[in-house]
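S.K.: pasting the sequence and the predicted coordinates here, then a few questions.
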Amino acid sequence: MKKQSFSSPRGPIPKFPYSQAVIYGDLIFISAQVPVDPATGAAETGDVQAQTSRILTNVADILEDAGSSIDNMLKVTVFLKDRSLFADFNAAYGKVFTENMPARTPVFSDTGDYLVLMDFIAGIE
């Protein structure tokens with residue numbers, strides 16, 4: 001197997017030295033995503049539900065461009081600015097993942113200017 005960097009214009013393009021995603025075999029590892037509209041470069045400044053929805057939309061687009069889909073999500077690591085955001089985060093997250101849900105790890109930490117960040121591991125069809 002060979003490691004391959006992958007980037008989709010439908011996800012935020014990294015401004016620093018890292019890959020938006022890496023494909024290895026039949027897995028895709030997507031770097032931490034922030035709630036940014038890739039078409040405008042503007043950050044989603046709404047509540048945690050709006051920010052979560054933006055991230056999940058971007059990731060679904062990245063996965064589609066890589067030949068996969070959100071249905072193939074295996075693992076999500078969620079970084080939330082504050083524990084009080086967890087219920088609202090779950091409300092938005094639960095609209096996308098309704099069956100056969102991926103493994104998930106929530107982490108409560110400083111997320112800078114955002115309420116939520118997420119990174120992902122998915123399978124490729």
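M.R.: Perfect, I can see it now. Given the structure is predicted, the values throughout are model-derived calculations rather than measurements.

S.K.: return the set of buried residues in the helix ranked longest in the chain.
M.R.: Using DSSP state H, we find that the single longest helix of the chain is helix 48-65. Across helix 48-65, burial judged by 16 or more other CB atoms under 10 Å covers 48-63. All C-beta atoms are positioned from the backbone trio N, CA, C, and that covers glycine.

S.K.: in those, find the pair that's most separated.
M.R.: Spatial extent of those (CB to CB) is set by the pair V48 and L63 at 22.0 Å.

S.K.: in this structure, which spans are helices?
M.R.: Taking DSSP H as the criterion, the chain carries its helices at 48-65, 86-96.

S.K.: as CSV, these with mean pLDDT would be great.
M.R.: Below are the helices of the chain laid out as CSV (pLDDT from 0 to 100):
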stretch, mean pLDDT
helix 48-65, 98
helix 86-96, 98
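
S.K.: now the ones you listed in a markdown table, with distance to S8?
M.R.: What follows is those, written out as a markdown table (distance: least, CB to CB, whole Å):
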| stretch | distance to S8 |
| --- | --- |
| helix 48-65 | 4 |
| helix 86-96 | 18 |
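
S.K.: looking at these, which is nearest to F29?
M.R.: Short answer: helix 48-65, nearest of these by CB to CB, at 11.2 Å.

S.K.: helix 86-96 and that closest one, what's the angle between them?
M.R.: Angle, helix 48-65 to helix 86-96, by axes from the mean of the first three to the mean of the last three CA atoms, to 10 degrees: 30 degrees.

S.K.: which residues outside helix 48-65 are in contact with it?
M.R.: The contact list for helix 48-65 (CB atoms under 8 Å, 6 or more residues apart in numbering) reads 8, 10-12, 20-21, 28, 30, 33-38, 44, 69-70, 72-73, 80, 85, 88-89, 91-93, 95-96, 114-118, 120, 122.
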